[in-house]
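Novice: I need the structure of the sequence given here:
(one chain, ligands or ions: 1)
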Amino acid sequence: MVLAHFVESQQLDKEIIFDIFSKADEFRKNKNYGQLLNGKVLATLFYEPSTRTRLSFEAAMLKLGGSVITTENAKEFSSAVKGETMEDTVRIVSAYTDAIVIRHYDEGMAKLASTLSRVPVINAGDGKGQHPTQALLDLYTIYKEMGRLDGLKIAIVGDLASGRTARSLCYLLGKFPGNEIIFLSPEHLKMKDDIKEYLFRHGVEFREEKNLDEVLPLADIVYMTRIQKERITLDEYTNARGKYIIGENNFNLIKPTARILHPLPKIDEIKLPIEIEQTDSRVAYFRQAENGLYVRMALLAYMMG
Ligand code: CP
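Specialist: Purely as a prediction, here's the structure:
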């Protein structure tokens, strides 16, 4: 199956997922990456801030022998300031490059960009919509850490109304049998119905719980997310902040074989001492961020190579 653009995680089937994982494994083990994308140019067009997604895509492209042109703050440092639409910008940039990685503050903009671009468009996050490459690297991390993608209990915690990574991950988890998802969020930031309906339609067991400490001993994966201050009102933020925290007091409720994931950046929803973060195998979020490099290398190779 060809992946002309990658804007929603439900586009992936198991065959593509495992193709990309096996390529990511190769890149992880063998640092001699070759020049697979020599002569190709990737544009990173970011209308919202990023550390991991933009830099790992750029590093991935450079390591594969390609080149990168970037506008890291397209809202201020592109012709968007003069009033140019994203649609026009994408039409222009697609004439200069071989692929575009785009992050936009409005839901649906990556999909719209894909209808206008001559070259593959990859969604690096569209508002409250999706962040499919994050979900792919989250899934890869679960696979590497747990050795399987089925029969897992996954607690997804935080701002699930605005959290695009959680939304994208649900679509992927739903492709594997026997998974059970437990949502924990402040009352006003619950997972939206479109995802719940998708899970219901695909026979994926899920439920909503309130008490994190009761769920921690059950979970194989604890997927923490931050409260997305930039997408909600100050009142909503104040009412949500600090409701769900993993700290020294409840960390040991987590099973020794379980893993904590977080798409990062983390703010105050994980408060663990550096010694625990550095040494306890349950802390998987830094390995997860590193996996992002190999998964994005594999994705670029798959789509552009
Ligand atoms: N996880 C993630 O999207 O991080 P950045 O915002 O730093 O890219």
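
Novice: For the protein, name the helix or strand with the lowest mean pLDDT.
Specialist: helix 74-77 (a mean of 84; mean pLDDT, DSSP states H and E).

Novice: ok, residue 171 - contacts?
Specialist: For residue 171, the residues meeting the contact criterion (CB atoms under 8 Å, 6 or more residues apart in numbering) are 8, 9, 10, 135, 195, 198. Glycine gets a C-beta too; all of them are placed from N, C-alpha and C.

Novice: My error: substitute residue 291 in the last question.
Specialist: Contact analysis of residue 291 by CB under 8 Å, 6+ apart lists 24, 28, 137, 140, 141, 144.

Novice: switch to 6 Å and redo it
Specialist: Neighbour list for residue 291: 137, 140, 141 [criterion: CB atoms under 6 Å, 6 or more residues apart in numbering].

Novice: Could you say which helix or strand holds it?
Specialist: Per DSSP states H and E: residue 291 is located in helix 285-304.

Novice: these two touch, right, residue 117 and residue 89?
Specialist: No: judged on CB atoms under 6 Å, residue 117 makes no contact with residue 89 at a distance of 10.4 Å.

Novice: okay, and the common contacts of the two?
Specialist: With CB under 6 Å, 6+ apart applied, the contact sets of residue 117 and residue 89 do not overlap.

Novice: For the least confident helix or strand of the chain, what is the distance to the chain centroid?
Specialist: Per CA atoms, centre = their mean, to the nearest Å, the displacement of helix 74-77 from the mean C-alpha position of its chain is 23 Å.

Novice: Please name every helix or strand in contact with whichever helix or strand comes after that helix.
Specialist: Toward the C-terminus, helix 74-77 is succeeded by helix 86-96 as the next helix or strand (DSSP H and E). For helix 86-96, the packing partners by 3 or more CB pairs under 6 Å, 6 or more residues apart in numbering; DSSP states H and E come out as helix 109-116.

Novice: any residues touching the helix it packs on, and which ones?
Specialist: Where contact means CB under 6 Å, 6+ apart, the residues beyond helix 109-116 that reach it are 5, 7, 86, 87, 90, 91, 102, 121, 123, 126.

Novice: How much space separates the last one from residue 227?
Specialist: For residue 126, the distance to residue 227 under the criterion CB to CB, to the nearest Å works out to 19 Å.

Novice: Equivalent analysis for the third one, please.
Specialist: Separation of residue 86 from residue 227 (CB to CB) stands at 27 Å.

Novice: Same check on the second one?
Specialist: With the distance defined as CB to CB, residue 7 ends up 25 Å from residue 227.

Novice: Among these two, which residue is more densely surrounded?
Specialist: In this view residue 7 and residue 227 are compared by other CB atoms under 10 Å, and residue 227 has more residues nearby, 25 against 21.

Novice: residues contacting the more buried one?
Specialist: Residue 227 makes contact with 159, 237, 240, 241, according to CB under 6 Å, 6+ apart.

Novice: for residue 48, same thing?
Specialist: Neighbouring residues of residue 48 by CB under 6 Å, 6+ apart: 103, 105.

Novice: And for the one 4 residues further on?
Specialist: Contact analysis of residue 52 by CB under 6 Å, 6+ apart lists 289, 292.

Novice: quick one: which of the contacts of residue 291 is most hemmed in?
Specialist: Counting by other CB under 10 Å, top hit in the contacts of residue 291: residue 137 with 30 neighbours.

Novice: and the residue of the stretch 101-250 of the chain found nearest the ligand, what pLDDT?
Specialist: Going by CB to the nearest ligand atom, the ligand is nearest to residue 134 of the stretch 101-250 of the chain, at 5.2 Å. Residue-level confidence at residue 134 comes out at 98, pLDDT.

Novice: right, and residue 98 touches residue 38 too?
Specialist: No: between residue 98 and residue 38 there is no contact under CB under 6 Å: 11.3 Å.

Novice: If you count surrounding residues, which of those two has more?
Specialist: Counting neighbours by other CB under 10 Å for residue 98 and for residue 38 shows that residue 98 has the greater number, 20 against 10.

Novice: what's the distance between the residue lying closest to the more buried one once chain neighbours are set aside and residue 24?
Specialist: With CB to CB, 6 or more residues apart in numbering as the criterion, residue 98 has its nearest non-adjacent residue at 4.3 Å, and that residue is residue 40. Distance of residue 40 to residue 24, given as CB to CB: 19 Å.

Novice: Which one's more surrounded, those two?
Specialist: Neighbours per residue (other CB under 10 Å) separate residue 40 from residue 24, with residue 24 holding more: 26 against 19.

Novice: how about the residues of the stretch 1-150 of the chain near the ligand?
Specialist: Contact residues, the stretch 1-150 of the chain versus the ligand (CB under 6 Å from any ligand atom): 50, 51, 52, 53, 125, 131, 134.
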